[in-house]
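K.L.:
sequence and predicted model, in that order:
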Amino acid sequence: MGRQADANAHVPLPIRDGVAPSYLWLDHNPADGALAFLTRHFADVGEAVWRDRMARGEVVDAAGAVLAPDSMLKRGMRIWYYRELEAETPIPFEEQILFRDDHLLVVDKPHFLPMTPGGRFLHETLLVRLKNKTGLTQLTPIHRLDRETAGVVIFSHQEATRGAYQSLFQKRSVHKEYEALAAPLPWLTFPLVHRSRMVEGEPFFRMQEVEGEPNSESVVDVIGARGDAMLYRLQPHTGRKHQLRVHMAALGAPIMNDAFYPEALPCKGDDFANPLKLLARAIGFDDPLTGRARRFESERVL
């Protein structure tokens, strides 16, 4: 698998249609030329495709020299190229820019839209859409939301100050507030704190709770009834993958339309009419550059 370039790295190919080039690092000396190696390494990309990319000058080494089909490769080289998808499912929901200054871009992400390119998504990702919309080539997410989750997410577009904002999340100096729709839990008293030890589960994309020292913590409170369901306020104090989804399922109230928890449902494609009822409602922090309190809120409603 290739890796996409970091925003800070020297890249010999420009961003194209909002997509940064990817690279493959060689850990051995291939015995044959570039075309044969790439065709063999990427079994799902045909030889004709690589020939066409090379003819367009879109397969290069770290210095930007175009690789030909018979170019010999060496251990330690990086081969740069553009990842391409023949068919990509359109995501019929739009992101909304909430705030922009010289350092940050704050966005209201819709359900179903991935944060960054990967798997079957390339152009239909928040990062690529925003690069095309804003022209900010140095755009980098400071934190992540699951593809299934909607709400507030923050991007940096200034390399010089990116680390200051990233450190807020690393130090857990950011207040995150989510909302979720789930079944009532009348036998529990709110607000409550749920702590558990979370590890990777089965299948590979799920997380699970196990015995041991807790490494995840969420505060759960009730906002009010919404028909037969309850609207909850969730405040994660840690940032484990799928943490809020796992914790709500463990309490006995899985978030509505969750296809992963408590059990992974058979994959039937995206049901755009029934998104996961989880929203990143707000993010607050003290700005590391000015010391001023900042708070950004989603305009979406579950």
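P.N.:
That came through fine. Residues are numbered from 1 along each chain as shown.

K.L.:
now do the helices in the stretch 51-200 of the chain.
P.N.:
Applying DSSP state H, counting those that start in this stretch to the stretch 51-200 of the chain gives helices spanning 126-134, 159-170.

K.L.:
and those as JSON lines, adding distance to Met248?
P.N.:
For glycine as for every other residue, the C-beta is placed from the backbone atoms N, C-alpha and C. Output for the helices of the stretch 51-200 of the chain, formatted as JSON lines (distance: least, C-beta to C-beta, whole Å):
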{"stretch": "helix 126-134", "distance to Met248": "24"}
{"stretch": "helix 159-170", "distance to Met248": "22"}
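
K.L.:
just these: most buried one?
P.N.:
Scoring these by mean neighbour count under mean count of other C-beta atoms under 10 Å gives helix 126-134 as the most buried, with a mean of 19.

K.L.:
and that helix, what other elements does it pack with?
P.N.:
Here helix 126-134 touches strand 96-100, strand 104-109, strand 150-156, going by 3 or more C-beta pairs under 8 Å, 6 or more residues apart in numbering; DSSP states H and E.

K.L.:
could you give the bridge partners of Arg295?
P.N.:
Gly284 (DSSP bridges).

K.L.:
what sits against it?
P.N.:
282-284 (C-beta atoms under 8 Å, 6 or more residues apart in numbering).

K.L.:
if we can go back for a sec, dump the helices of the stretch 51-200 of the chain to CSV, plus mean pLDDT.
P.N.:
As requested, the helices of the stretch 51-200 of the chain are exported to CSV (pLDDT from 0 to 100):
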stretch, mean pLDDT
helix 126-134, 96
helix 159-170, 96
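
K.L.:
so for His103, which of these sits nearest?
P.N.:
Of all those, it is helix 159-170 that lies closest to His103, at 4.9 Å by C-beta to C-beta.

K.L.:
that closest one to strand 104-109, inter-axis angle?
P.N.:
Interaxial angle of helix 159-170 relative to strand 104-109 (axes from the mean of the first three to the mean of the last three C-alpha atoms, to 10 degrees): 50 degrees.

K.L.:
where's helix 159-170 relative to the chain centroid, distance-wise?
P.N.:
Centroid separation between helix 159-170 and its chain, computed with C-alpha atoms, centre = their mean, to the nearest Å, is 17 Å.

K.L.:
list of residues touching that helix?
P.N.:
Residues contacting helix 159-170 (C-beta under 8 Å, 6+ apart): 7-8, 103-104, 138, 140, 142-143, 154, 156, 173-174, 239, 285, 288-289.

K.L.:
circling back to that earlier point, would a markdown table of the helices and strands packed on helix 126-134 with mean neighbour count be doable?
P.N.:
Shown next, in a markdown table, are those (neighbours: other C-beta atoms under 10 Å):
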| stretch | mean neighbour count |
| --- | --- |
| strand 96-100 | 14 |
| strand 104-109 | 23 |
| strand 150-156 | 24 |
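
K.L.:
any chance of the ones you listed in CSV, with distance to Ala180 and mean pLDDT too?
P.N.:
Listed next are those as CSV, based on distance: least, C-beta to C-beta, whole Å; pLDDT from 0 to 100:
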stretch, distance to Ala180, mean pLDDT
strand 96-100, 21, 98
strand 104-109, 16, 98
strand 150-156, 11, 98
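
K.L.:
TSV for these, including distance to Arg295?
P.N.:
Formatted as TSV, these follow (distance: least, C-beta to C-beta, whole Å):
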stretch	distance to Arg295
strand 96-100	10
strand 104-109	10
strand 150-156	10
